[in-house]
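# Need a 3D model of the sequence below.
(one chain, ligands or ions: 1)
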Amino acid sequence: MELEEIGVAMIGTGFMGRVHVEALRRAGVRVVGICGSSPKKSRAAARQLGVEKSYDRFEQAIEDPEVNAVHIGTPNRHHCEMASRSLEAGKHVLCEKPLAMSSAESAALVELSRQYPNQATSVNYNIRFYPLCVEAQARIASQELGEVFHITGSYVQDWLLWPTDYNWRVLCEEGGDLRAIADIGTHWLDLVQSVTGLEVLEVMADLQTVHQVRERPIGEVETFQSGGQREKQSESIHVQTEDAGNILLRFNHGARGALNVSQVTAGRKNCLRFEIAGSHNSLSWNSESPNRLWIGHRDQPNQLLTRDPALMSPAAGRVADYPGGHNEGYADSFKHCFRAFYAYIANGDFEAPTTFPTFADGHREVMLCDAVLESHRCRKWVAVDGPAS
Ligand SMILES: NC(=O)c1ccc[n+]([C@@H]2O[C@H](COP(=O)([O-])OP(=O)(O)OC[C@H]3O[C@@H](n4cnc5c(N)ncnc54)[C@H](O)[C@@H]3O)[C@@H](O)[C@H]2O)c1
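The predicted model follows:
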């Protein structure tokens, strides 16, 4: 199938709905229609984004013969059912993270996807596709760092700092029992495992709910739209999901790590950092300055590599569209993730290895979340279920 023949239905009209539609177009993929939580929202989104069709119901999207692939960008509680029904309707599926609300759901999705070997599946851990993350991966694969000793870092934001900040994610029934870890911590965990090729085997977690009561505005609130909501009428709700957490990590091959996650760190809007220490040198990257990779040396001056296709590995060059000095960022990572997914579909060899994260990767992240929650509750080290591949 040629890339131009592929049609996509977008489910969800919020933050991700807008980002996906734009990135799909930049990747050269046609967006056929869009579906929100009501016919009115679907129509408004189709109008605003210039999408041909609006679907009144999800079923219309998956039954549309012009649609070959479905993108799911709804709150987490819908992911499993929507992904299952899209697969059963014969569509390729790209689902937002986390893949499901529980590992029972994500395991069932992996199992179901095996019944449809000619349909591609992906979970959108897009951060893998920043060029300098791919560069870090290439350098580690070529043994430039030597043996990886430890991997540390954080993913911190401030948009839920105040008790008057509210989003569907704070509710277990909408987003799952874990919030900050599942929402952003799994991005970090997916990224460092993909960059190093190592797998987290065991975790020791300590979670923190800073605001056990939050004020929920009456009416719907979309992500990162907290500005005006404090003036609205609100009701107090009890919150069980964590605002922050610290996790010690044991990887295979003896590597160790530590991750700090927070959605209540004032001034940090969306900041993911990692530092990887190896026996030869170390690497550090920060999503707030994504066009720089720090390379640390013991016996010579440290280096700062600016994203530049002419200076990076071929793999990193393939996810950098602009010359050095012309910054690429968040939106570009979606474009490259989708480009990889649709090139794979267009190629038609569904047994080939993937560079994009699959449902199996998404399932492992959900199992990691289970281990984190159990560790926090039992105050002990917990092994991540299932064999490390
Ligand atoms: N990869 C990333 O960088 C990233 C960033 C943000 C969010 N996400 C993920 O994307 C998903 C959506 O998050 P968001 O921030 O866009 O949320 P959002 O609240 O901004 O948007 C969610 C949208 O889903 C729609 N919706 C709800 N129920 C629906 C239904 N039954 N059918 C169709 N549409 C429905 C809502 O109307 C809303 O438009 C979440 O799973 C989240 O974890 C990923």
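
# For residue 80, which three-state class applies?
What DSSP: H, G, I helix; E, B strand; the rest coil gives for residue 80 is helix.

# Report how many residues lie close to it.
Burial of residue 80 is recorded as 21 neighbouring residues (other Cβ atoms under 10 Å). Any C-beta I mention is one placed from the backbone N, CA and C, and that applies to glycine too.

# what does residue 280 give?
Residue 280: 12 neighbours (other Cβ under 10 Å).

# Find the closest residue to the ligand in the chain.
Nearest residue of the chain to the ligand, counting by Cβ to the nearest ligand atom: residue 14, 1.9 Å away.

# And that residue, its phi and psi?
phi -90, psi -140 (degrees, to the nearest 10).

# Strands of the stretch 251-389 of the chain, start to end?
Ranges of strands within the stretch 251-389 of the chain are 256-262, 271-278, 282-286, 292-296, 303-306, 382-383, based on DSSP state E, counting those that start in this stretch.

# picking up where we left off before, okay but the residue of the chain closest to the ligand is in contact with residue 96, surely?
No. Using Cβ atoms under 8 Å, residue 14 is not in contact with residue 96, being 10.4 Å away.

# Quickly list what's touching both of the two.
Common neighbours of residue 14 and residue 96 are listed as residue 73 (criterion: Cβ atoms under 8 Å, 6 or more residues apart in numbering).

# who in this structure is up against the ligand?
11-17, 35-37, 41, 58, 73-76, 78, 96-97, 124, 126, 168, 183, 222-223 (Cβ under 6 Å from any ligand atom).

# Drop anything exposed from those residues.
Applying 16 or more other Cβ atoms under 10 Å to the residues of the chain next to the ligand, the neighbour count classes 11-14, 16-17, 35-37, 41, 58, 73-76, 78, 96-97, 124, 126, 168, 183 as buried.

# Filter the residues you listed down to the ones in strands?
11, 35 (DSSP state E).

# where does the chain dip in pLDDT?
By pLDDT under 70, the weakly predicted segments of the chain are 220-232, 386-389.

# center of it, which residue is that?
The chain has residue 125 as the residue nearest its centroid, 3.2 Å off, counting by Cα atoms, centre = their mean.

# got the contact list for it?
Residue 125 touches 97, 186, 187, 190, 191, 194, 337, 357, 361, 362, 365, counting by Cβ under 8 Å, 6+ apart.

# Count the neighbours of the last one for me.
By other Cβ under 10 Å, 27 other residues sit near residue 365.

# repeat for the second one
Here the neighbour count serves as a burial measure; for residue 186 (other Cβ under 10 Å) it reads 26.

# I figured it hits residue 97, correct?
Yes. Assessed by Cβ under 8 Å, residue 186 is found in contact with residue 97 at 6.0 Å.

# okay, and the common contacts of the two?
125, 365.

# Could you pull up the residues touching residue 286?
Taking Cβ under 8 Å, 6+ apart as the test, what residue 286 contacts is 271, 272, 273, 292.

# and the residues you listed as a markdown table, adding neighbour count?
Below are these laid out as a markdown table (neighbours: other Cβ atoms under 10 Å):
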| residue | neighbour count |
| --- | --- |
| 271 | 18 |
| 272 | 25 |
| 273 | 18 |
| 292 | 14 |
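
# which stretches of the stretch 1-150 of the chain form strands?
7-11, 30-35, 53-55, 69-72, 92-95, 121-123, 148-156.

# can these go into CSV with extra columns for distance to residue 281?
Converted to CSV, these look like this (distance: least, Cβ to Cβ, whole Å):
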stretch, distance to residue 281
strand 7-11, 42
strand 30-35, 43
strand 53-55, 51
strand 69-72, 39
strand 92-95, 36
strand 121-123, 32
strand 148-156, 11
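
# what residues are up against residue 3?
Here residue 3 is in contact with 28, 29, 342, 343, 346 (Cβ under 8 Å, 6+ apart).

# one more time with 6 Å
28, 342, 346 (Cβ atoms under 6 Å, 6 or more residues apart in numbering).

# For PyMOL, what selects the buried ones among the residues you listed?
Applying 16+ other Cβ under 10 Å to the contacts of residue 3, the buried members can be selected in PyMOL as follows:
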select buried, resi 342
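
# Now, the contacts of residue 3 that are in helices?
342, 346 (DSSP state H).

# Closest one of the contacts of residue 3 to residue 156?
residue 342 (32.3 Å; Cβ to Cβ).

# Excluding sequence neighbours, find me the nearest residue to residue 72.
Distances taken as Cβ to Cβ, 6 or more residues apart in numbering place residue 95 nearest to residue 72, at 4.4 Å, with adjacent residues excluded.

# Next, count neighbours for the one you found.
Neighbour count of residue 95, defined by other Cβ under 10 Å: 27.

# Bridged to it, which residues?
residue 72, residue 123 (DSSP bridges).

# For it, which residues are in contact?
Counting by Cβ under 6 Å, 6+ apart, residue 95 has contacts 72, 79, 83, 123.

# show me where the stretch 51-200 of the chain has helices.
58-63, 79-88, 103-114, 131-141, 172-175, 180, 186-196 (DSSP state H, counting those that start in this stretch).

# right, and those helices - which one's nearest residue 376?
helix 180 (11.9 Å).

# where does residue 206 fall, helix, sheet strand or coil?
Quick answer, by three-state DSSP: residue 206 is strand.

# Can you give me every residue that contacts it?
So residue 206 contacts residue 246 (Cβ under 6 Å, 6+ apart).

# And it, how far from residue 244?
Computed as Cβ to Cβ, to the nearest Å, the residue 206 to residue 244 distance reads 9 Å.

# what do you get for residue 11?
Residue 11 is 30 Å from residue 244, by Cβ to Cβ.

# How about residue 301?
In terms of Cβ to Cβ, residue 301 sits 36 Å off from residue 244.
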